[in-house]
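Participant: Have a look at this fold, sequence not included:
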């Protein structure tokens with residue numbers, strides 16, 4: 001099935017689309033765009049902080065899933081209040097239900113156990129590997145190099161964010177355009193709200209409780225964890241940036257390559273199960289992707305969206321009701337140009353003996369396989385150029401067959 005999927009008009013989609021349309025002109029945005037020829041569109045969505053793939057795409061069919069996940073295990077699919085069934089083995093977190101129509105339309109594929117070639121737990125090093133194309137990959141981004149291959153020296157990129165993301169940094173022309181002020185990110189904002197509502201018993205108690213939770217969270221994580229978002233807004237704001245990026249990509253003379261960012265995925269503390277702060281991030285992510293598809297309109301049929309994070313989380317929860325840094329996570333590939341409705345890469349299985357040294361899910365697929373597939377089969381870049389220049393050192397990393405229409 002090709003073309004734009006029919007999106008269910010559920011409450012989450014309606015609210016996301018309406019909010020994005022209402023504030024797109026005034027809300028601060030975090031996205032990047034680059035000019036490229038032709039009708040093919042490519043969007044890379046970076047989830048900064050380390051996505052718990054087992055929460056977004058729970059492998060409820062794995063016999064060890066419930067026991068190892070403990071309190072974070074979600075109810076099985078096909079049970080009352082359980083996860084949304086995808087293929088009888090993998091499910092979708094209900095908060096991300098906006099993605100279900102893409103799966104049903106054959107426009108969404110999942111890579112449930114994917115990782116870069118980096119094998120540590122540093123957010124910064126892992127994000128650098130994701131954006132440069134390999135661990136120790138230098139100071140330029142693989143997408144910048146891809147734009148140069150597509151458009152020569154005329155390639156041009158702009159990041160509407162505080163800083164140009166590494167993935168678009170390089171010799172190609174690119175710049176960062178500072179977005180309008182965002183009140184929720186201003187220093188002292190929550191203190192101002194606290195003073196404003198200090199006499200309101202309900203709001204005052206909620207703010208105090210939130211501050212206490214924030215303080216306890218800060219005491220259990222490192223400074224790098226706190227900064228893992230690298231300035232990107234949280235996923236709840238993704239629909240806004242997705243709306244504008246989609247509109248620009250849809251324009252006949254607009255850019256063809258975009259990068260979106262969302263933070264808030266470092267869930268060491270009380271990440272929640274069916275509900276909670278991680279579920280809210282899933283809702284923002286899914287709504288943002290649905291808004292992006294809607295904004296692209298007919299151009300959706302020529303679009304591939306890659307959603308990736310620097311690493312995953314531990315399989316077992318920690319003592320704080322969260323998860324720590326692991327290895328493999330899930331990537332999603334969606335778009336009208338995607339041959340989806342399937343999982344790609346071998347599932348390594350969940351058992352004590354199969355977990356990696358960090359207690360995370362072992363990887364069965366290299367992120368460079370995914371990037372290479374999209375660059376060669378969708379964007380039409382020469383495979384030798386991809387292996388030698390855009391993703392150097394990836395000659396032995398194969399592309400994925402039958403993923404692009």
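Facilitator: Good, I have the coordinates. These numbers were taken from a predicted model, which means no experiment stands behind them.
Participant: dump the residue contacts of residue 390.
Facilitator: Contacts of residue 390 were listed using C-beta atoms under 8 Å, 6 or more residues apart in numbering, and they are 133, 142, 145, 146, 149, 375, 381. C-beta here means a position set from N, CA and C on the backbone, and glycine is covered the same way.
Participant: Report the lowest-confidence entry in those residues.
Facilitator: Within the contacts of residue 390, residue 149 has the lowest pLDDT, namely 85.
Participant: That one belongs to a helix?
Facilitator: Yes: per DSSP: H, G, I helix; E, B strand; the rest coil, residue 149 lies within a helix segment.
Participant: what are the ranges of the strands in the stretch 251-400 of the chain?
Facilitator: Using DSSP state E, counting those that start in this stretch, the strands found in the stretch 251-400 of the chain span residues 257-262, 303-309, 329-334, 342-343, 365-366.
Participant: and of the ones you listed, who's closest to residue 315?
Facilitator: When the strands of the stretch 251-400 of the chain are compared by C-beta to C-beta, strand 329-334 sits nearest residue 315, at 11.4 Å.
Participant: what about the helices in this protein?
Facilitator: When assigned using DSSP state H, the helices of the chain occupy the ranges 11-23, 53-56, 65-69, 100-104, 123-132, 142-151, 189-196, 201-220, 223-226, 238-250, 277-296, 367-373, 383-385.
Participant: as a whole number, average confidence for the first one?
Facilitator: Okay, so that is helix 11-23. 42.
Participant: Show me the shaky parts of the stretch 51-200 of the chain.
Facilitator: Applying pLDDT under 70 to the stretch 51-200 of the chain flags residues 152-161, 172-200.
Participant: My error: substitute the stretch 251-400 of the chain in the last question.
Facilitator: For the stretch 251-400 of the chain (pLDDT under 70), the answer is none.
Participant: Repeat the analysis, applying 80 as the threshold.
Facilitator: Low-confidence segments of the stretch 251-400 of the chain (pLDDT under 80): 253-255.
Participant: re the thing from before, mind putting the strands of the stretch 251-400 of the chain into JSON lines with mean neighbour count and distance to residue 397?
Facilitator: Formatted as JSON lines, the strands of the stretch 251-400 of the chain follow (neighbours: other C-beta atoms under 10 Å; distance: least, C-beta to C-beta, whole Å):
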{"stretch": "strand 257-262", "mean neighbour count": "26", "distance to residue 397": "21"}
{"stretch": "strand 303-309", "mean neighbour count": "25", "distance to residue 397": "15"}
{"stretch": "strand 329-334", "mean neighbour count": "28", "distance to residue 397": "15"}
{"stretch": "strand 342-343", "mean neighbour count": "17", "distance to residue 397": "19"}
{"stretch": "strand 365-366", "mean neighbour count": "20", "distance to residue 397": "5"}
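Participant: Nearest spatial neighbour of the residue nearest to the spatial centre of the chain, chain-adjacent residues omitted?
Facilitator: Closest to where the C-alpha atoms of the chain average out (C-alpha atoms, centre = their mean) is residue 47, at 3.7 Å. Take residue 47 and drop its neighbours on the chain: the residue closest to it by C-beta to C-beta, 6 or more residues apart in numbering is residue 309, 4.0 Å away.
Participant: Provide a list of residues in contact with that neighbour.
Facilitator: By C-beta under 8 Å, 6+ apart, the contact set of residue 309 is 46, 47, 48, 49, 50, 51, 53, 130, 265, 329, 331.
Participant: so how far is residue 320 from the third one?
Facilitator: To residue 320, residue 48 is 21 Å away according to C-beta to C-beta, to the nearest Å.
Participant: More neighbours: those two, which one.
Facilitator: residue 48 (26 against 16; other C-beta atoms under 10 Å).
Participant: Was I right to think the more buried one contacts residue 230?
Facilitator: Yes: Residue 48 lies in contact with residue 230 (C-beta atoms under 8 Å); the separation is 5.8 Å.
Participant: Overlap of the contact sets of those two?
Facilitator: 127, 261, 263.
Participant: okay, how far is it across stretch 372-384, tip to tip?
Facilitator: End-to-end distance of stretch 372-384 (C-alpha to C-alpha, to the nearest Å): 10 Å.
Participant: ok, now stretch 49-63?
Facilitator: 28 Å.
Participant: do stretch 335-343 as well
Facilitator: Per C-alpha to C-alpha, stretch 335-343 runs 15 Å from first to last residue.
Participant: same check, this time on stretch 314-328
Facilitator: Termini of stretch 314-328 sit 9 Å apart (C-alpha to C-alpha).
Participant: Give the buried residues for it.
Facilitator: Within stretch 314-328, the residues that count as buried by 16 or more other C-beta atoms under 10 Å are 314-318, 320-328.
Participant: Show me which positions of stretch 231-241 end up buried.
Facilitator: So for stretch 231-241, counting by 16+ other C-beta under 10 Å, buried means 232, 233, 234, 235, 236, 237, 238, 239, 240, 241.
Participant: so can I have TSV of those showing distance to residue 286 and pLDDT?
Facilitator: Below are the buried residues of stretch 231-241 laid out as TSV (distance: C-beta to C-beta, whole Å; pLDDT from 0 to 100):
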residue	distance to residue 286	pLDDT
232	17	86
233	16	84
234	14	88
235	9	91
236	11	91
237	14	88
238	9	88
239	10	89
240	15	85
241	15	83
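Participant: Turn those residues into a markdown table, including distance to residue 58.
Facilitator: Below are the buried residues of stretch 231-241 laid out as a markdown table (distance: C-beta to C-beta, whole Å):
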| residue | distance to residue 58 |
| --- | --- |
| 232 | 25 |
| 233 | 26 |
| 234 | 22 |
| 235 | 18 |
| 236 | 22 |
| 237 | 25 |
| 238 | 22 |
| 239 | 24 |
| 240 | 28 |
| 241 | 27 |
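Participant: Any figure for the gap between residue 231 and residue 164?
Facilitator: Counting by C-beta to C-beta - residue 231 and residue 164 are separated by 11 Å.
Participant: Test my guess that residue 334 contacts residue 106.
Facilitator: No: between residue 334 and residue 106 there is no contact under C-beta under 8 Å: 10.2 Å.
Participant: shared neighbours of the two, anything?
Facilitator: With C-beta under 8 Å, 6+ apart, residue 334 and residue 106 have common neighbours residue 340.
Participant: Alright, I will stop here.
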